[in-house]
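Enquirer: Next input, structure requested:
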Amino acid sequence: MISHLPNALTWARIVMIPLVLGVYFLPDAVLPMPLKNLVACGLFVLAAVTDWFDGYLARRLGITSAFGAFLDPVADKLMVCAALVLLVWLRRCDVILAFIIIGRELTISALREWMAQLGKSRSVAVSFIGKLKTFAQMTAIPMLLFQQDILGLPVSLLGEWLMWVAAILTLWSMAYYMNRALKVLAEA
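Expert: Residues are numbered from 1 along each chain as shown. Reported below is the predicted structural model:
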């Protein structure tokens with residue numbers, strides 16, 4: 001049973017995606033906008049925590065699997081891309097930023113798949129800059145979903161700035177991975 005927990009958490013993250021989106025389709029009489037923001041933010045944060053926890057459990061307990069290694073990044077990208085489209089729809093994120101981030105996610109996923117087919121997947125393994133990019137995204141998105149000030153801090157404004165930082169890190173990390181891949185191909 002415990003051996004299936006990391007994958008179950010990943011599936012739970014995928015299931016949370018339509019829940020985050022669906023909150024905003026409830027009538028305001030059922031759930032006013034401030035509560036929609038709170039619920040969506042809470043669900044997104046919960047999904048992000050399961051992302052960390054499933055990886056931690058898989059590594060700690062030594063129960064990694066090829067399926068889990070495939071499904072985890074797919075769930076991450078689905079979660080981020082769906083949230084960005086939602087934020088654009090809510091007019092809380094610039095469409096250019098969403099396009100940059102989503103475009104990078106698709107490009108690097110394809111690049112990793114291609115490099116894996118060549119037996120060179122380690123050359124485009126997750127880097128520190130990629131981790132920074134993910135941290136910026138996973139912090140900015142809940143701030144933009146929450147949309148309310150906390151103790152006088154302009155959470156949505158901080159989220160907007162952080163989303164710009166995430167977009168810059170996104171381009172930087174894409175250039176890093178593309179450069180690594182080109183070096184491997186030049187050596188072949």
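
Enquirer: So, low pLDDT: which residues of this protein?
Expert: Counting by pLDDT under 70, the ranges of the chain that qualify are 1-3, 188.

Enquirer: Could you pick out the longest helix of it?
Expert: Identified as the longest helix of the chain according to DSSP state H is helix 155-187.

Enquirer: buried stuff in that helix?
Expert: Across helix 155-187, burial judged by 16 or more other C-beta atoms under 10 Å covers 155-156, 158-160, 162-163, 165-167, 169-170, 173-174, 176-177, 180-181. Every C-beta, even on glycine, is put in place using the N, C-alpha and C of the backbone.

Enquirer: can you give me the helices in this protein?
Expert: Counting by DSSP H, the segments of the chain that form helices are 5-23, 33-60, 66-89, 95-117, 128-146, 155-187.

Enquirer: which of those helices sits most buried?
Expert: Ranked by mean neighbour count under mean count of other C-beta atoms under 10 Å, the helices of the chain are led by helix 128-146, which reaches a mean of 20.

Enquirer: so it versus helix 155-187, what angle?
Expert: Angle, helix 128-146 to helix 155-187, by axes from the mean of the first three to the mean of the last three C-alpha atoms, to 10 degrees: 150 degrees.

Enquirer: Nearest spatial neighbour of the spatially most central residue of the chain, chain-adjacent residues omitted?
Expert: Residue closest to the average C-alpha location in the chain (C-alpha atoms, centre = their mean): residue 80, at 3.7 Å. Computed as C-beta to C-beta, 6 or more residues apart in numbering, the closest residue to residue 80 that is not its neighbour in sequence is residue 137, at 5.9 Å.
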